[in-house]
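Trainee: Take a look and give me a structure for this.
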Amino acid sequence: MKKVFIILALIAVFFITYFLQSDVFNFFTIGSIKPNLFVILVLFIGLFAGRKLGIILGVLFGFFLDLIFGKTIGILAVMLGIIGFLGGFLDKNFSKESRITIMLMVIGCTCIFEIGSYSYKILMQDGLVEILTFLKMLAIEVVYNSILTIILYPLLQKAGYYIEDEFKGKKILTRYF
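Mentor: Numbers count the residues shown, from 1 in each chain. Prediction:
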C-alpha cells in the first residue's frame, strides 16, 4: 500500500513540476532558456526507486509531455526512459551522499537528454544544424539544472531515502538468515 501511495505522490510531484516548468520558470529564464526539471525528477526516481520504476515513470511522463509539447509522439518518452534507466544504473555504481556526484549525474543526464532530443530533431524534422546555438543552450541549461540540484538536493535526498527504504528495503545479509 505504501508503494502505491509513493507512486501516486511521484505522479503528483510530476504535475507540480510540470506547472513549475511551464508557468513559474517562464519568469526566470536565462537567454530564453529554462531549466529541465523533468530530467532532475526522472533521474531522482531512477536513483532512489530503482531502474524499473525510473524507466516506467520516465516513459509515462515523457509520453504525457509529448502529447502536450511535442510535434511527434515518442521522443521525450524515449529520452526520459533512458534517463530513468541511467538513474538506476548510476545508483549501483556511485554514491548518492555527495552533492558533487549528484551534480555530475545531473550534468551528464541533461547533456544526454538534450543531445538525443536535438539529434532526433535534426534527423527527423528539419535537418538544420546550428551547433553554436545548441552548445550555448546546452551550457545554460546544464548550469541552470546544476544550480537547482544544489538548492533542492537536501529535500530530494531526504525524500529519496524514504522512497529507497520502501522500494529496495534493507537487503543486507538476507540470504544467510
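
Trainee: May I ask you to name the longest helix in the chain?
Mentor: With secondary structure taken from DSSP state H, the chain has its longest helix at helix 131-167.

Trainee: list the buried ones in that one?
Mentor: 137-138, 140-142, 144-146, 148-149, 153, 156-157, 159-160, 163-164, 167 (16 or more other Cβ atoms under 10 Å). Backbone N, C-alpha and C define where each C-beta goes, glycine included.

Trainee: And the average pLDDT for that helix is what?
Mentor: Mean pLDDT, helix 131-167: 90.

Trainee: Next one: the residue nearest the centre of the chain relative to Leu86, how far apart?
Mentor: For the chain, Val39 is the residue whose C-alpha lies nearest the centre (Cα atoms, centre = their mean; 2.3 Å). Per Cβ to Cβ, to the nearest Å, Val39 is found 10 Å from Leu86.

Trainee: Give the residues shared as contacts by the two.
Mentor: Common contact partners of Val39 and Leu86 (Cβ atoms under 8 Å, 6 or more residues apart in numbering): Cys109.

Trainee: Can you show me the helices along this structure?
Mentor: Assigned by DSSP H, the chain shows helices spanning 2-22, 37-49, 51-68, 75-93, 99-120, 131-167.

Trainee: Deepest-packed of those helices, please.
Mentor: Among the helices of the chain, helix 37-49 has the highest mean neighbour count (mean count of other Cβ atoms under 10 Å), at a mean of 26.

Trainee: Okay, angle between that one and helix 131-167 too, please.
Mentor: Here helix 37-49 runs at an angle of 30 degrees relative to helix 131-167 (axes from the mean of the first three to the mean of the last three Cα atoms, to 10 degrees).

Trainee: List the contacts of Gly84.
Mentor: Taking Cβ under 8 Å, 6+ apart, one finds Val42, Leu43, Ile45, Gly46, Arg51, Leu53, Gly54, Ile55, Ile56, Leu57, Gly58, Val59 in contact with Gly84.

Trainee: how does it look with 10 Å?
Mentor: Each residue near Gly84 by Cβ atoms under 10 Å, 6 or more residues apart in numbering is listed here: 41-47, 49-62, 109.
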